[in-house]
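A.B. asks: how would this look folded up:
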Amino acid sequence: ENLRSGGLIMQAGHFRVVVAVAAAVLAPASGQTPEQQAEAMLSKMSLEEKVTLLSGHTTNYTGGVPEIVNATSGVRIPPLNLNDGPQGYRSGGTTCWPSALTVGATFDVELAGQWGQAMGKEFYDKGANVQLGPGVCLARVPVNGRNFEYISGEDPFLGYTMVQPVVKGIQSQNVIANAKHYLMNNQETNRGGMTSAVDERTRFEMYMPPFEGASVAGVGSIMCSYNKIQTDGLNEYGDWSCENAGTLMRDYKERVGFKGWVMSDWGATHSTSIMQGLDQEMPGNGSMGDALKTAVLNGDIPESAVDDSVLRILTPMYTMGLFDHYDQWTNNTRRFDDVTSKAHSVTARTIAGAATVLLKNDGVLPIDLSRVKSVGVFGSNGGPEVIVHGGGSGSVAPSYVITPYDGIAAAFRPDTQNCSFIQDKDYYVAPSTNLPNISSKEDCCSACFAQYPSCTYFTFTPPSGCWLHPSGGEYTNHTGYISGSCVGGTPTVNVSFSDGSDLAASAALAASVDVAVVFVGTQSSEGYDRTNLSFPDDQNALVAAVAKAAPKRTVVVAITPGAALLPWADDVSAALTMFMPGLEVGHAIADVLTGSVNPTGRLPLTFPNVENEVNFTRQQYPGINTISVYSERLEVGYRWYGAHNVKPAFPFGHGLSYTTFGYTRASASPSEVSVTVTNNGTVPGAEVAQLYLGFPTAAGEPPKQLKGFVKTTVLAPGGSVVVRFPLTNRDLSAWDAGVHAWVKQTGLFQAYVGASSEDIRATASFSVTTV
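C.D. replies: Numbers count the residues shown, from 1 in each chain. Model (predicted):
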């Protein structure tokens, strides 16, 4: 179930992504379906060629399969160029996007689709036809080092819903998406050998839905993970994820109905496990190369199994139009191209702003220009050291970064850019930033003005290229170059910066400004889990010093790869989080702080009061003897808080606005829940209305679980909208391990509609009497 917004009726149940390419790739010129085209190509292939497609080879990308051509038989298959990762193309010259968790915080399927579509285009332009993303695993462990990579946050319905437009967006660009990491890849500690012991019901209700959503969206491939899986939830060692017949062949391919191919994570293949459900080994061919060929020739593995895997790869290749864009994948120079664009920077800024969660606000925000004439920006994360992405395969080298200081200062820059130009001069200064796609002196000046005050001078290098300088630097003669300056006048608000290394100096600056904005940040990466949910001690000390010096006017912005502890929340006037915001962080946070964007971000996971608030034992995490038993079963995230009556610091789904909303006229039936949402405040704004269902007691479900969300259109003060949440039989079902299927529950259901899992504004009930 997803979302479409239109007119005065908002309905969860559908989404729309502009995918002009999609129709063309689904209607091949040959008149054959992609399945028929794949069958025809398979019929021409030798066993050697088939096996080649099922393993990795050295390429110019993260991984891949070379072009397969046989002029005699007519086999002609383009190469598979696989590249990281889930936050954008990893290897340079691309946009460093907000992370998947950040996109999850938007609760906005339209923006998720735009994110997928824009990433897909950059992969295409780089010559990569398989994007190793999106990441969709559940944030079971708050300190998991890869939580920033996963769009699901801590909720399976959120993941199921949000992954679909992302997959469709990526694949609309003739690029195959790869959902990962299948399955129960919920920690980095001992990831290469640990067992996730999960019972069947928990597996299907909590961890399978995001991957099911990817399958529903037609994802071409998934990636199996490093861990082992014990499918009965017992304290016993399980089978490797990439050779687990229960989770791959039975659960995903047969029960869910996945039609694409399963590739291994890099080095996660441990045997020739094609009969267990693995279709492609990466990055090498030690198990699915000559060993597979020999097993087929010896009669140990039927060639029909190889054919099935080949068809699972070829069919998405035809569906997504890889054969129609053959030359795009064989041009080895495309990977060096800079494929960034102004439009993509705007999209990155929009997403980061929409994902920003206003956790607390005592009235200091938005910044009131009638009384605020000075703003202080504090902390290393307010300047050039700002964290914009996570580490590992989810990292992206940004082509530039708008720092928070730059963005906030630019928001109060003079209204006119006052361009001046000098012919045949180079304003040489180091360091400077180069924007290679700028093609006019006027655009170069505008690009400089957009980054004021970090840029006040520029040099245009025809036919394209623009160097942005913090100062005039050294004037040198250079025929054809055009240099100049871009700013005149005085800012409307004076913006100062302190990196926080000198607490006394920071406190003095804080005492002198009208609003103090402190930026704190922490990092995580593939390969290891976070040691805790805290920000570094020096950053917490900075918050304390600034808050003491600037009481009732201190704002804290937290940049974090997942859940975090905010021990100073009660001592500051406003708190926000941006998660991993990407390269437009500065502009995005300025948009929110100044009120040009009314915040709509919502927490996709719970922010706790203390470390390990959910009381994980060592057996649950990190595991004993490399076995992690998921004995909490369905009580993950806010489900645990509800079941144990614990109030978190900030609950799942929480996020404030600069206006207020009322919920009235709630009604519920087994097919739909509806409510009227009204803007009761004084400024326009959009609300993210959330539906949680309480199941009949006999079902044995947690007290509340998300079953719908709608981001309304922007409502004027006094404006109302009817929000509708369609319900399906699946929404009213629980997984029955006895019959291995979803079973609709009967009895009294409670419908809770509100602004978070804890902030319920309207309730209704309905009964289900027949299955």
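A.B. asks: how about low-confidence regions in this structure?
C.D. replies: 1-30, 488 (pLDDT under 70).
A.B. asks: So which residue is dead centre in it?
C.D. replies: Ala100 (0.8 Å; C-alpha atoms, centre = their mean).
A.B. asks: nearest spatial neighbour of that one, skipping sequence neighbours?
C.D. replies: Among residues not flanking Ala100 along the chain, Ile151 sits closest, at 4.0 Å (C-beta to C-beta, 6 or more residues apart in numbering). C-beta coordinates here come from the backbone N, C-alpha and C atoms, glycine included.
A.B. asks: Could you do Gly484 as well?
C.D. replies: Spatially, and ignoring its direct neighbours in sequence, Gly484 is nearest to Phe421 (4.3 Å; C-beta to C-beta, 6+ apart).
A.B. asks: So which bits of the helix or strand harbouring that neighbour are buried?
C.D. replies: Assigned by DSSP states H and E, Phe421 belongs to strand 420-428. Neighbour counts over strand 420-428 (16 or more other C-beta atoms under 10 Å) mark 421, 425-428 as buried.
A.B. asks: Next secondary structure after it?
C.D. replies: Next in sequence after strand 420-428, counting helices and strands by DSSP H and E, comes strand 433-435.
A.B. asks: Okay, now the sheet partners of that next one, with direction.
C.D. replies: Strand pairing for strand 433-435, using DSSP bridges, gives strand 466-469 (antiparallel).
A.B. asks: next SSE after the strand it pairs with?
C.D. replies: Scanning forward in sequence from strand 466-469 by DSSP H and E, the next helix or strand is strand 474-485.
A.B. asks: Mind listing residues that contact that next one?
C.D. replies: Residues outside strand 474-485 that contact it (C-beta atoms under 8 Å, 6 or more residues apart in numbering): 418-429, 441, 444-445, 456-462, 472.
A.B. asks: now swap in stretch 375-385 and tell me
C.D. replies: So stretch 375-385 is contacted by 367, 386-387, 401, 403-405, 408, 412, 493-501, 506, 509-510, 512-521, 539, 542, 546, 550, 557, 559 (C-beta under 8 Å, 6+ apart).
A.B. asks: which ones among those residues are found in helices?
C.D. replies: 404-405, 408, 506, 509-510, 512, 539, 542, 546 (DSSP state H).
A.B. asks: Serialize these to CSV and add fields for neighbour count and distance to Arg250.
C.D. replies: Output for these, formatted as CSV (neighbours: other C-beta atoms under 10 Å; distance: C-beta to C-beta, whole Å):
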residue, neighbour count, distance to Arg250
Pro404, 29, 49
Tyr405, 28, 54
Ile408, 26, 54
Ser506, 23, 59
Leu509, 21, 62
Ala510, 26, 60
Ser512, 13, 66
Gln539, 23, 48
Leu542, 28, 53
Val546, 32, 56
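A.B. asks: Nearest to Gly489 among these?
C.D. replies: Closest approach to Gly489 among the ones in helices among the contacts of stretch 375-385 (C-beta to C-beta): Ile408, at 17.7 Å.
A.B. asks: what's the distance between that closest one and Val555?
C.D. replies: Using C-beta to C-beta, to the nearest Å, we find Ile408 at a distance of 11 Å from Val555.
A.B. asks: Mind listing the shared neighbours of those two?
C.D. replies: With C-beta under 8 Å, 6+ apart, Ile408 and Val555 have common neighbours 517, 593.
A.B. asks: Identify the residues contacting the residue nearest to the centre of the chain.
C.D. replies: Counting by C-beta under 8 Å, 6+ apart, Ala100 makes contact with 86-87, 133-136, 148-151, 166.
A.B. asks: any idea how far it is from Glu149?
C.D. replies: On the measure of C-beta to C-beta, Ala100 and Glu149 end up 6 Å apart.
A.B. asks: which neighbours do these two share?
C.D. replies: Residues touching both Ala100 and Glu149 (C-beta under 8 Å, 6+ apart): 86-87, 133, 135.
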